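Enquirer: Sequence first, predicted coordinates after that:
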Amino acid sequence: MNGVSHGVSNSPRLGGRLTAARVQACFFGIWTALVFAFLYIPILILVVFSFNSSRLNIRWEEFSIRWYGELLSNKVLIDAFQNSILVAIATTILATLLGTVGAWMLYRYKFPYQRALGLLIFIPMVMPEVLMGVSLLVLFVQFLHLPLGFLTLTIAHTTFCFPFVLVGVQARLQGLDPFLEEAAMDLGATPLQAFCKVIVPYLMPAIISGALMSFTLSLDEYIVSVFTSGAQSQTLPLKVYGMAKVGLNPQLNALSSIFILVTFLFAFGSYFFNRNKKP
Amino acid sequence: MSLIAAVSGIRDTGVYRRHPSPLAWLVLMPLLAWLFLFVIAPTVMLVVVSFAERDALGRIVYDFTFQNYIRAFDWLWLKVLFSSLWYALLTTLICLFVGYPVAYFIGRAPLQWRGLLLMLVMVPFWTSFLIRTYAWITILSKDGLLNSLLVSAGIFSHSAEILYTPFAIVLGLVYNFLPFMILPIYTSVEKLDNALIEAAYDLGAGPIRAFWQIIIPLTRPGIAAGAMLVFVPSIAMFAITTLMGGGTNPTIGEVIFKQFTSGRNQPFGAALGSILLLIFVLALWITRKYREED
Amino acid sequence: MKKTTTLLLSALTAFLVGCGKAPEAKKLSVFCWSEYIPQSVIDQFSKETGIQVSVENYASNEEMLAKLTAGGGQYDIIQPSEYVVEALIAQKLLHPIDKTKIPNLSNIAPQFLKMGFDPDNSFSVPFMAGTVGIVVNTDLIKDDIKSFADVFKPENKGKIVVLDDAREITAWALLSQGLPINDVSDANLEKVKPVLANWLPMVKVFDSDSPKTALLNGDVAIGVVWGGEGAILLQSDPKFRWIIPAEGTHLFIDSLAIPKTAKNVDNAEAFMNFILRTDISKQISDAFPYTNPNLAARKILTEEQIRNKASFPSDEEMAKMQVFRDIGTQGSKVDELVTSLKAQ
């Protein structure tokens, strides 16, 4: 794919190598396409059903855009969606910071009880959400005397999201050339500068992956949100989860479809934008 | 990117990891504070509650008792726990198998494509979990799309039971956790040095051997991370299992959740949770120790 | 320039202080089931009274209990089911209501007032009632189904959906044995254990949230579900039939109540009165086809709504129904029994 060979050309297996690499690329490409199809099939169904005139989203009746219209006037749903996005963004920022800096500090320095710290980090991932939700509720209300709202919600979400970032960054750190930082500092950088200008760019794929994971986890979180949110910070899952009783409102399909469309536009847009910006 | 580092996979040399300066302690403070307040404190509360009793309403009564733990070590709950662990393991293995090639493809794709592809992996999960799962139910149900397709193509003679089976459960779990395997593996693949891979081929390794014996071991940190990020959360996951599996197989997450609802027995739920935590912490401790003694 | 700035600053301060000292905005904090009070009703209430309403939702009684008892959230209105009302009253967690402020209470049919869990309606007013019954897809099952025993016949194995509620299922087992549903003593649990052991493996799907999905999808042919689900199924396709089991069933009543810690009791009582109004009650029935206890509202419902047997059981059927009482800590024994049989 981008493997331009250099120098090693007179090997009798040259032809074989190129074909092998291409076959490999082809095979993996097809596999990836199939997996993407798998990932997107329910999304396709859900978008199609957003145009279904039937209220009960089980059978296709006829084409209709009424749900999109109704969605626009459904203040409750839209507010909830906005809250979800806000909390997800705040969570992503906090979790990424905590996870990245945490992973670096644990890697770089020898802190006492290192192993214990490493284990503690996994606890939010293992602990069943209801336990975390209830104990955080008690902590917030009875010990910290915090009103339930955006702050408590963000704290709760960040707590179970940052381990995902931390683990990912730790994995990326494992292949780090230990002398990279030293080299930077030999050239006059402070540890902070070395971190920002050398380590962080190296960690970028892991940081971005962690951020994507945190955002996703936070957007859909229900159980923890039940216990740690207040009246003004109701997120979408909280409003949606009881809806199954009368049938999931197709306005939700409409909402998700619009959101996906916007994200696609953004993603493809920045791709084309960057493409023209060739270095 | 240095070849030495890629090949040797250096973890920590004693020389490199310094003792922390006061400034380093300061920088670590936020993480420590966070861990203390929002991880340690709730865990302590959990353990305390697990030794408590409850009143008729299900509220906690702080009388010390072992009964929750005695009750927890019943074969019934252990069976449920093992069932959940088994599903988690299966999910992790399948996610690894399905997701690795995708991560490899994205990691070796042209630079401008990678961000886009990564986002495309995640975007389906920015829809509401419930409608996504109900979409699967529509697809897999007896009168659903998959069955209609298979029957009209002549592969099946009549509609099969796909939904509400263990197959559906695993499908649902794999679907929801696949990105959490793909992304970490991607971060390991992304830093693979081309020169190294070509060297492998040049040395006469066939594509399969090169892949198996060189590339996969080099991406081991990513694989380990992905496995953790799929296995650990999926143990206590129950919403998917209940919806796709019809609720016939209780999972440990569901059992614990029910203690906080219909069971009205929060201390017992806390005990079950503590046991789960303990098992996990022990397993991790042992594997870490084993790796360090390598 | 400086003078203008000082003027502006003082105006701003005065404004801010003034805002702080303004009379407390009329507020109401409602904690209720999802999809149970239509948003249009809430909006209308705000418009008519000027009270700002904030709504939080829960998906089960115990979720509400867990949050309430952990001290989270100051709620003025909660929407507990009948056995929870009883438990809350016993634990002195409810604020008594001033019935003089709720004249519309007279709209409620007498059979829904002064029920066992709140003998004098001192703490709660009925919101909506419902029942549990059998739904049959007559395209797939041609037999005449009349009772629980008919549902759990061997030929129906793998075709059944039931509610994922241990207490419910145990209640049906008790009914099938002629035992009272609230008598969940250890002895009775032993008696119904073989019944449950027989029934549970036959069930294909356990679903309390949306059992209609499995029925509509054709994955199951028969179910024991909430009346509301039954009503929606009857509305959607004539092939579905609704049957009240011959052994009897239970009636549930969701009420509105005021927690002890409520801050806006007057507004809460105004809200209760509002909900009990005839036109508002009709709005709720239009949105959700449950059993409306409001007699005055029933008079203005459409023919189709009244004729929906799942929404409005007949009087003889109602006479056979029992109501859940609080069973306290026995709840976990029931839960464990059902879980152990499920996990076989």
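Expert: Structure received. Small disclaimer: the values here were computed from a predicted structure and weren't measured. Residues are numbered from 1 along each chain as shown, chains lettered A, B, ... in the order given.

Enquirer: how many other residues sit next to the spatially closest residue to B:Gly222 that is not a sequence neighbour?
Expert: Counting by C-beta to C-beta, 6 or more residues apart in numbering or on different chains, B:Ser188 is the residue found nearest to B:Gly222 once chain neighbours are left out, at 2.7 Å. Where C-beta positions appear, they are placed from N, C-alpha and C, glycine not excepted. Counted with other C-beta atoms under 10 Å in any protein chain shown, residues neighbouring B:Ser188 total 29.

Enquirer: Could you name the helices and strands sitting against the helix or strand containing B:Tyr134?
Expert: Secondary structure from DSSP states H and E places B:Tyr134 in helix B:129-140. The helices and strands touching helix B:129-140, judged by 3 or more C-beta pairs under 8 Å, 6 or more residues apart in numbering or on different chains; DSSP states H and E, are helix A:14-49, helix A:236-240, helix A:250-275, helix B:145-152, helix B:166-189, helix B:239-245.

Enquirer: The shortest one and chain C, any residue contact?
Expert: Yes. Interface with chain C: helix A:236-240 contributes A:238-239 (C-beta under 8 Å from any C-beta of the partner chain).

Enquirer: Now do that helix: which elements does it pack against?
Expert: helix A:75-108, helix A:223-228, helix B:129-140, strand C:52-58.

Enquirer: A:Gly118 is nearest to which of these?
Expert: helix A:75-108 (6.9 Å; C-beta to C-beta).

Enquirer: Can you check what angle separates that closest one from strand C:52-58?
Expert: Per axes from the mean of the first three to the mean of the last three C-alpha atoms, to 10 degrees, the angle that helix A:75-108 makes with strand C:52-58 is 60 degrees.

Enquirer: Report whether helix A:75-108 contacts chain C.
Expert: Yes. Using C-beta under 8 Å from any C-beta, helix A:75-108 reaches chain C at A:Val76.

Enquirer: helices and strands around that helix, which ones?
Expert: helix A:66-72, helix A:114-120, helix A:150-173, helix A:200-219, helix A:236-240, helix A:250-275, helix B:22-35.

Enquirer: Now do the contacts for the residue nearest to B:Gly222.
Expert: Contact analysis of B:Ser188 by C-beta atoms under 8 Å, 6 or more residues apart in numbering or on different chains lists A:171-172, A:175, B:107, B:218-223, B:225.

Enquirer: From those residues, list the buried ones, please.
Expert: Among those, the ones that count as buried by 16 or more other C-beta atoms under 10 Å in any protein chain shown are A:171-172, A:175, B:107, B:218-219, B:221-223, B:225.

Enquirer: Now C:Gly331: closest residue in space that isn't a chain neighbour?
Expert: Computed as C-beta to C-beta, 6+ apart, the closest residue to C:Gly331 that is not its neighbour in sequence is B:Arg264, at 4.9 Å.

Enquirer: separation between that neighbour and B:Arg220?
Expert: 46 Å (C-beta to C-beta, to the nearest Å).

Enquirer: for A:Thr152, same thing?
Expert: To B:Arg220, A:Thr152 is 39 Å away according to C-beta to C-beta.

Enquirer: ok, now how distant is B:Glu190 from C:Leu341?
Expert: Counting by C-beta to C-beta, the gap from B:Glu190 to C:Leu341 is 50 Å.

Enquirer: same question, A:Trp67
Expert: In terms of C-beta to C-beta, A:Trp67 sits 42 Å off from C:Leu341.

Enquirer: Show me which of these two is the more surrounded one.
Expert: Taking neighbours as other C-beta under 10 Å, A:Trp67 and C:Leu341 compare with A:Trp67 leading, 24 against 18.

Enquirer: residue contacts, that one?
Expert: Contacts of A:Trp67 by C-beta under 8 Å, 6+ apart are A:50-51, A:249-251, A:253-254.

Enquirer: got it, and C:Lys114?
Expert: Shown in contact with C:Lys114 (C-beta under 8 Å, 6+ apart): C:120-121.

Enquirer: Secondary structure class of it, three-state.
Expert: At C:Lys114 the chain is in coil, as set by DSSP: H, G, I helix; E, B strand; the rest coil.

Enquirer: still on that earlier bit, near chain B, which of the contacts of A:Trp67 show up?
Expert: Answer for those near chain B (C-beta under 8 Å from any C-beta): A:Asn253.

Enquirer: Name the residues of the stretch 101-250 of chain C found near chain B, please.
Expert: C:158, C:164-167, C:203-207, C:213-214, C:217-219.

Enquirer: Intersect those residues with the contacts of chain A.
Expert: Answer for those near chain A (C-beta under 8 Å from any C-beta): C:213, C:217.

Enquirer: In helices only, show me the residues of the stretch 101-250 of chain C next to chain B.
Expert: C:166-167, C:213-214 (DSSP state H).

Enquirer: Just the buried residues out of the residues you listed, in PyMOL syntax.
Expert: Of these, the buried ones go into a single PyMOL selection, burial set by 16+ other C-beta under 10 Å:
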select buried, chain C and resi 166+167+213+214
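
Enquirer: Reformat the ones in helices among the residues of the stretch 101-250 of chain C next to chain B as JSON lines; add pLDDT.
Expert: Output for those, formatted as JSON lines (pLDDT from 0 to 100):
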{"residue": "C:Ala166", "pLDDT": "90"}
{"residue": "C:Arg167", "pLDDT": "91"}
{"residue": "C:Thr213", "pLDDT": "89"}
{"residue": "C:Ala214", "pLDDT": "91"}
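
Enquirer: Of the ones in helices among the residues of the stretch 101-250 of chain C next to chain B, which is the nearest to C:Phe127?
Expert: The closest of those to C:Phe127 turns out to be C:Arg167 (C-beta to C-beta; 20.4 Å).

Enquirer: now the strands for chain C?
Expert: Along chain C, the segments classed as strands by DSSP state E run C:27-33, C:52-58, C:77-78, C:124-137, C:160-162, C:203-206, C:222-226, C:240-243, C:250-257, C:322-323.
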